[in-house]
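Enquirer: Build the 3D model from these lines:
(one chain, ligands or ions: 2)
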Amino acid sequence: MPDNTVVTEALQLFTSLQELKKAYYKKIEKQHPSFTAEQWRQHNEKGIFLLQFCLPVLDDNICKELVDEICNLLAANQPAKKEQIEKIRDYLCKKSSDCFTEIMKHEHQVMDPPSSFSVEECSLMNIIVRQTLRPFLEKYTDSLPREIGGEKWQRNYCPVCGEKANFSYLRQEDGKRVLICPFCGQEWLYRYLACSWCGNDDHKAISYFEAVELPGYEVYLCERCHRYLKTFNTKKGIGHDDWVLEDVKTINLDLIAQKKGYTGYSSQAH
Ligand SMILES: [Zn+2]
Ligand SMILES: [Zn+2]
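Expert: Ligands and ions are numbered 1, 2, ... in the order given. You can find the predicted model right below:
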């Protein structure tokens, strides 16, 4: 198996980031997203995700404070990247929350980063930006009606922000598959044996593997698009943590799937 210090370090970082997110969630004012009847119709019938109609309201000061705190956590966790983190902190702290709003509207990453930023710096910056937006997005999703992402949606992208899932679980009560959004945290139902990347539902073109050291986990592999998705089967596993942390705890499954030649969420640009 791969070196587990990677998992331990990532878990430490994400545990701190989750705590930070929870503390800021309380500071952020309640969001009041509202939609017209026509927008609900377009959402349900045409699959238009909700951020295309109404975005979370950001707070300039909270965004800046969060960027600062996230950078501190990252620098403490990865001292070798301190210089790069400072460069990103400087850049982001000069931006207003309008820049973060733009990011939610478009690709969920910084558009047109300065040319002096390396690819690695850009991806680090995107992690910081996405972490900054997360408590605002959670406040937003928590104020939406319960039926969002229910039986009616069944699409392979998030009903709130449009992003593809990075993780899924089989629900305890009825075994239905729930996909999880890596950007806003929204959950939604999707067909059990269909690829969440390309929609392929030819059972012969979908397989899965398990690893004894991570009981309860199945990794679905699609032969059509060569992508994979980690899934926690609540019937096989014994309890679980927050899904963000479960995703980190199972990094070894990503490494196995990638070694087999499949692409997952973590190896995307985000
Ligand atoms: Zn989402
Ligand atoms: Zn596929």
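
Enquirer: Next, the buried residues of stretch 9-24.
Expert: Within stretch 9-24, the residues that qualify as buried are 10-11, 13-14, 16-18, 20-21, 24, counting by 16 or more other CB atoms under 10 Å. Bear in mind the C-beta positions are built from the backbone N, C-alpha and C, glycine included.

Enquirer: likewise stretch 148-160?
Expert: Within stretch 148-160, the residues scored as buried using 16+ other CB under 10 Å are 148-149, 153, 155-160.

Enquirer: about what we covered before: just give me the closest of the buried residues of stretch 9-24 to ligand 1.
Expert: Of all the buried residues of stretch 9-24, residue 21 has the smallest distance to ligand 1: 15.1 Å, by CB to the ion.

Enquirer: Average pLDDT for the host helix or strand of that closest one, rounded please.
Expert: According to DSSP states H and E, residue 21 maps onto helix 5-27. In this model, helix 5-27 has an average pLDDT of 94.

Enquirer: who touches it?
Expert: If you take CB atoms under 8 Å, 6 or more residues apart in numbering as the criterion, helix 5-27 is touched by 62, 65-66, 69-70, 73-74, 77-78, 131, 134-135, 138-139, 242, 244-245, 248-249, 251-252.

Enquirer: can you give me how far it is from the chain middle?
Expert: 14 Å (CA atoms, centre = their mean, to the nearest Å).

Enquirer: returning to that earlier point: how about the buried residues of stretch 148-160 in a markdown table, adding distance to residue 171 and pLDDT?
Expert: Conversion of these to a markdown table gives the following (distance: CB to CB, whole Å; pLDDT from 0 to 100):
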| residue | distance to residue 171 | pLDDT |
| --- | --- | --- |
| 148 | 16 | 96 |
| 149 | 12 | 95 |
| 153 | 15 | 95 |
| 155 | 18 | 96 |
| 156 | 18 | 95 |
| 157 | 19 | 97 |
| 158 | 17 | 97 |
| 159 | 17 | 98 |
| 160 | 19 | 98 |
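
Enquirer: If we check ligand 1, which of those are in contact?
Expert: 158, 160 (CB under 5 Å from the ion).

Enquirer: Would you confirm that residue 167 contacts residue 181?
Expert: No. Taking contacts as CB atoms under 8 Å, residue 167 lies outside contact range of residue 181: 9.1 Å.

Enquirer: more neighbours, those two?
Expert: For residue 167 versus residue 181, neighbours defined as other CB atoms under 10 Å are more numerous around residue 181 (25 against 22).

Enquirer: How about the contacts made by the residue nearest to that one when sequence neighbours are not counted?
Expert: In this structure, residue 181 finds its nearest non-sequential neighbour in residue 158, 4.0 Å apart by CB to CB, 6 or more residues apart in numbering. Going by CB under 8 Å, 6+ apart, residue 158 touches 49, 149, 164-165, 179, 181, 183-184, 186, 188.

Enquirer: And these, which of them are buried?
Expert: 49, 149, 164-165, 179, 181, 183-184, 186, 188.

Enquirer: closest to residue 213 among these?
Expert: Residue 213 has its nearest neighbour among those in residue 165, at 23.7 Å by CB to CB.

Enquirer: got the contact list for the closest one?
Expert: Listed by CB under 8 Å, 6+ apart, the contact set of residue 165 reads 156, 158, 179-182, 190, 196, 229, 265.

Enquirer: That one: what secondary structure?
Expert: coil (DSSP: H, G, I helix; E, B strand; the rest coil).

Enquirer: can you pull up the bridge partners for the nearest residue to it once chain neighbours are set aside?
Expert: Residue nearest to residue 165 in three dimensions, not counting chain neighbours: residue 179, with 3.7 Å by CB to CB, 6+ apart. Per DSSP bridges, the residues bridged to residue 179 are residue 168, residue 188.

Enquirer: I'd say residue 179 and residue 196 touch.
Expert: Yes. Proximity of residue 179 to residue 196 meets the contact threshold set by CB under 8 Å, at 5.7 Å.

Enquirer: quick one: contacts of the lowest-mean-pLDDT helix or strand in the chain?
Expert: Between all helices and strands in the chain, the lowest mean by mean pLDDT, DSSP states H and E belongs to helix 97-105, at a mean of 90. Helix 97-105 is contacted by residues 51, 55-56, 58-60, 63, 109-111, 129, 132-133, 137, 161 when judged by CB under 8 Å, 6+ apart.
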